[in-house]
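Enquirer: Predicted model and sequence follow; I will ask about them next.
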Amino acid sequence: MKILSLLFAFSLPALADWQKEITPPKLGPHPKLAPQEFDYRLSWKGMLSAGKLTFTFGKPDPKFPSDYSARVVGGSTGVASKLYHSKIAILSRLDPATLRPRVCVGVQDEGDETNTIQNTWAGTLIRTEVTTRITKNGKEGTVASELRFTPMHDVFSAMLQVRSHKLATGDKLVLPILPFDKPYLLRVQVLGREQFDGRDTIKLSVALQKIDPKTKALLPYQKMKSTTLWLSDDANRIPVELRSEVFIGDVRMTLAAARKL
């Protein structure tokens with residue numbers, strides 16, 4: 001027992017070391033994104049059309065006038081939808097001054113079941129409710145949990161946080177994120193500037209690790225092997241293309257259209 005206790009005691013600092021790397025949640029100097037909407041096409045190896053997503057940033061919501069709203073809707077299409085039915089809608093309400101999350105609600109329709117996930121931030125405490133509805137019989141069940149950690153971003157606040165920084169070659173950003181009901185550690189490194197698809201871009205590498213909710217230990221995320229992201233090197237700094245090597249192969253998200261709101 002003494003040996004186990006000693007091993008556990010020595011392991012605690014190691015588990016906490018990564019928290020010292022976290023990028024402070026303060027926004028960087030790059031101007032905030034003007035209200036806009038972006039369409040993306042999803043593909044496998046840039047050839048087989050797999051789906052589409054539409055991101056909306058900064059569109060006023062009359063129901064929550066004191067919040068900054070961000071959302072994404074879309075899912076699989078065509079042949080891909082027959083092989084893997086998936087529809088998604090995520091709405092996030094952020095603090096307009098800090099762009100830190102207040103509430104994020106996501107709905108994932110996988111055909112046989114639909115999961116609705118609501119995350120609510122209250123200081124260092126994040127409350128999560130996951131409601132699962134079985135399509136075949138209409139049965140529902142809800143599971144609630146709590147996570148105490150700060151800073152913790154949602155998908156949109158992480159995107160806005162990254163684009164706000166200087167993004168000089170070699171810069172690294174480390175952001176804990178809660179995309180749905182499980183926490184991850186996002187690591188971003190600026191690889192440099194380059195011409196991509198006929199425009200000036202900032203090339204980034206992106207990596208994810210799981211965070212154990214109880215011990216805060218980092219665990220490998222096997223589904224995503226490597227990811228490269230190209231941001232437009234302009235005032236918008238929006239994703240031009242994301243290429244991710246995942247368990248099903250090369251998946252890409254490519255900018256198709258952009259509109260000011």
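Expert: Looks like it arrived, so ask away.

Enquirer: Stretch 137-147: which residues count as buried?
Expert: L147 (16 or more other C-beta atoms under 10 Å). Quick note: C-beta positions are derived from backbone N, CA and C, even for glycine.

Enquirer: How about stretch 214-232?
Expert: Under 16+ other C-beta under 10 Å, the buried positions of stretch 214-232 are 216-218, 224, 227, 229-232.

Enquirer: what's the answer for stretch 130-138, then?
Expert: Using 16+ other C-beta under 10 Å as the test for burial, stretch 130-138 gives V130.

Enquirer: Distance from the chain centre to that stretch, please.
Expert: 25 Å (C-alpha atoms, centre = their mean, to the nearest Å).

Enquirer: hmm, back to that, with distance to P96 and secondary structure as new columns, can the buried residues of stretch 214-232 be given to me in TSV?
Expert: Shown next, in TSV, are the buried residues of stretch 214-232 (distance: C-beta to C-beta, whole Å; DSSP: H, G, I helix; E, B strand; the rest coil):
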residue	distance to P96	secondary structure
K216	30	coil
A217	35	coil
L218	32	strand
M224	31	strand
T227	29	strand
L229	25	strand
W230	28	strand
L231	22	strand
S232	23	strand
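
Enquirer: Find the pair from these with maximum spatial separation.
Expert: A217 and S232 (36.3 Å; C-beta to C-beta).

Enquirer: picking that back up, just give me the closest of the buried residues of stretch 214-232 to A168.
Expert: L231 (13.3 Å).

Enquirer: Can you name the residues bridging to that closest one?
Expert: Bridge pairing for L231 (DSSP bridges) gives the partners I202, P239.

Enquirer: Which residues are in contact with it?
Expert: Residues near L231 by C-beta atoms under 8 Å, 6 or more residues apart in numbering: 163, 167, 201-202, 204, 237-240.

Enquirer: And it, how close does it get to H165?
Expert: Counting by C-beta to C-beta, to the nearest Å, the separation of L231 from H165 is 11 Å.

Enquirer: Quote the end-to-end distance of stretch 188-203.
Expert: End-to-end distance of stretch 188-203 (C-alpha to C-alpha, to the nearest Å): 10 Å.

Enquirer: Can you tell me what sits against that stretch?
Expert: 162, 167-175, 204-206, 228-234, 237, 240-241.

Enquirer: all helices in the chain, in order from the N-terminus.
Expert: With DSSP state H as the definition, the chain shows helices at residue ranges 2-17, 78-83, 155-164.

Enquirer: Quick one: residues contacting F180.
Expert: 106, 108, 117.

Enquirer: Out of those, who's the most crowded?
Expert: G106 (22 neighbours; other C-beta atoms under 10 Å).

Enquirer: Leaving out the residues flanking it, which one is nearest to the residue sitting nearest the centre point of the chain?
Expert: The centroid of the chain falls nearest to V155 when counting by C-alpha atoms, centre = their mean (3.0 Å). Ranked by C-beta to C-beta, 6 or more residues apart in numbering and with sequence neighbours excluded, the top spatial neighbour of V155 is P179, at 5.1 Å.

Enquirer: where does that neighbour land on pLDDT?
Expert: On the pLDDT scale, P179 is placed at 94.

Enquirer: wouldn't it be in contact with F156 here?
Expert: No - with contact defined as C-beta atoms under 8 Å, P179 and F156 do not form a contacting pair (10.0 Å).

Enquirer: And L33, how far from E110?
Expert: 31 Å.

Enquirer: typo on my end, G141
Expert: Distance from G141 to E110, by C-beta to C-beta: 16 Å.

Enquirer: Now for the residue nearest to the centre of the chain: which residues touch it?
Expert: 72, 90, 92, 104, 177, 179.

Enquirer: And the strands in the stretch 1-150 of the chain?
Expert: Secondary structure of the stretch 1-150 of the chain (DSSP state E, counting those that start in this stretch): strands located at 36-44, 48-57, 68-76, 87-94, 101-109, 113-122, 125-134, 140-148.
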